[in-house]
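*Asks:* I'd like to go over a predicted model; first the sequence, then the structure.
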Amino acid sequence: MQRIAVIGAGAWGTALATVAQRAGCDVLIHAHEAETVAAINSHHENKTFLPGVPLEHSITATDDLAHAVDGADAILMVTPAQFMRATLTALAPSPKSKPPLVICSKGIELDTGKLMSEVAEEVAPNADLAILSGPTFAAEVARGLPTAVTLACTTASTASALAAALGTPSFRPYTATDLVGVEVGGAIKNVIAIACGIVEGRGLGENARAAVIARGLAEITRFAAELDADPRTLMGLSGLGDLTLTCTSSASRNYSLGAALGSGTTYTEAMTGKNSVAEGVTTAPALLTRAQALGVEMPICAAVRAILHDGAGVADTISEILARPLRAED
């Protein structure tokens, strides 16, 4: 694999472009915004979504989707989850070959409650799918700081080829076969991170945050089990690793949003001036719709949804969580 197409020029897409370039690949980024294309091509910096990180001159951008994927050996899909279906639909007729589709976005489709791999299987049923996920802050990856991720693939040959193409001493892909487990961990941790941020914003202490992380992992594992995922996946980089990172750092968009909500800031005020999205906001209602259909109880995620979408007060919601009946941990 020599030519990598990156579809989505947000912070994470731009960071992955630097990963592929460092690994020796030719990289072309697709961006919707003309100003982002111009900034990458002329100033070698994504000033809107990843400012302050210089890009190698060999990383170029285009707003032509067909051109972006023409001749690509692999396509990294890094569009926000709620735009994945539309982007894949537009992309479907383009590649003359069938390069692997690597889903790098974390979320659940709001209208259907489907994981990104399920969306891809509907739109591109014959695609060679892979999921890349794990504990990653885009700025650290772009700066070349050590990072490890999970790369789940439908075929062993694709896993080996992608790991060889993207792997470097500072970016270590660990291969797996459990696509669903990897996706579930990456999507739901954003909702749990909002809850942990609320704990921080309310000043409830480190004990409370640790409890939310642990009980949140239990919710993730229950949900994943109903989708026949391997519970061991949730103990790895894309599960516990990603959950720990996102739930403990103000660099996380979801954690920061929760902290603002916990301190009394409104959602509108918290998101004012932000260029990037907090995926947990749309994941929460999509997740709860799917969880209810599966018969999975997820009280922490339900509380986040209630605060974000149902007008529930933070203090009252916390009181309701703390008043839940005591039960066995398992």
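*Replies:* Okay, I see it.

*Asks:* in stretch 210-222, which residues are buried?
*Replies:* Along stretch 210-222, the positions that meet the burial threshold by neighbour count (16 or more other C-beta atoms under 10 Å) are V212, I213, R215, G216, L217, E219, I220, T221, R222. C-beta coordinates here come from the backbone N, C-alpha and C atoms, glycine included.

*Asks:* now, these that are in helices?
*Replies:* Counting by DSSP state H, the buried residues of stretch 210-222 place V212, I213, R215, G216, L217, E219, I220, T221, R222 in helices.

*Asks:* and this protein, what are its domains?
*Replies:* Using automatic domain parsing, the domains assigned to the chain come out as 3-177, 180-322.

*Asks:* and the shortest one, how far from the chain's centre?
*Replies:* Relative to the mean C-alpha coordinate of its chain, domain 180-322 is positioned 13 Å out (C-alpha atoms, centre = their mean, to the nearest Å).

*Asks:* can I get the domains of the chain in TSV including mean pLDDT?
*Replies:* Listed next are the domains of the chain as TSV, based on pLDDT from 0 to 100:
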stretch	mean pLDDT
domain 3-177	95
domain 180-322	96
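
*Asks:* count the neighbours of the nearest residue to A225 once chain neighbours are set aside for me.
*Replies:* Among residues not flanking A225 along the chain, P231 sits closest, at 6.3 Å (C-beta to C-beta, 6 or more residues apart in numbering). P231 has 14 neighbours, counted by other C-beta atoms under 10 Å.

*Asks:* P231 contacts T221, doesn't it?
*Replies:* Yes. Look at P231 against T221 with C-beta atoms under 8 Å: they come within range, at 5.6 Å.

*Asks:* circling back: which of the buried residues of stretch 210-222 lies closest to A127?
*Replies:* In terms of C-beta to C-beta, no member of the buried residues of stretch 210-222 lies closer to A127 than I220, at 25.9 Å.

*Asks:* which one is the closest one nearest to, not counting chain neighbours?
*Replies:* Using C-beta to C-beta, 6+ apart and skipping the chain neighbours, the partner closest in space to I220 is I188 (4.7 Å).

*Asks:* same check, this time on P80
*Replies:* Computed as C-beta to C-beta, 6+ apart, the closest residue to P80 that is not its neighbour in sequence is V277, at 5.7 Å.

*Asks:* part of a strand, is the one you found?
*Replies:* No. Secondary structure of V277 (DSSP: H, G, I helix; E, B strand; the rest coil): coil, not part of a strand.

*Asks:* ok, it to L245 distance?
*Replies:* V277 sits 18 Å away from L245, taking C-beta to C-beta, to the nearest Å as the criterion.

*Asks:* okay, these two: which has more neighbours?
*Replies:* L245 (20 against 17).
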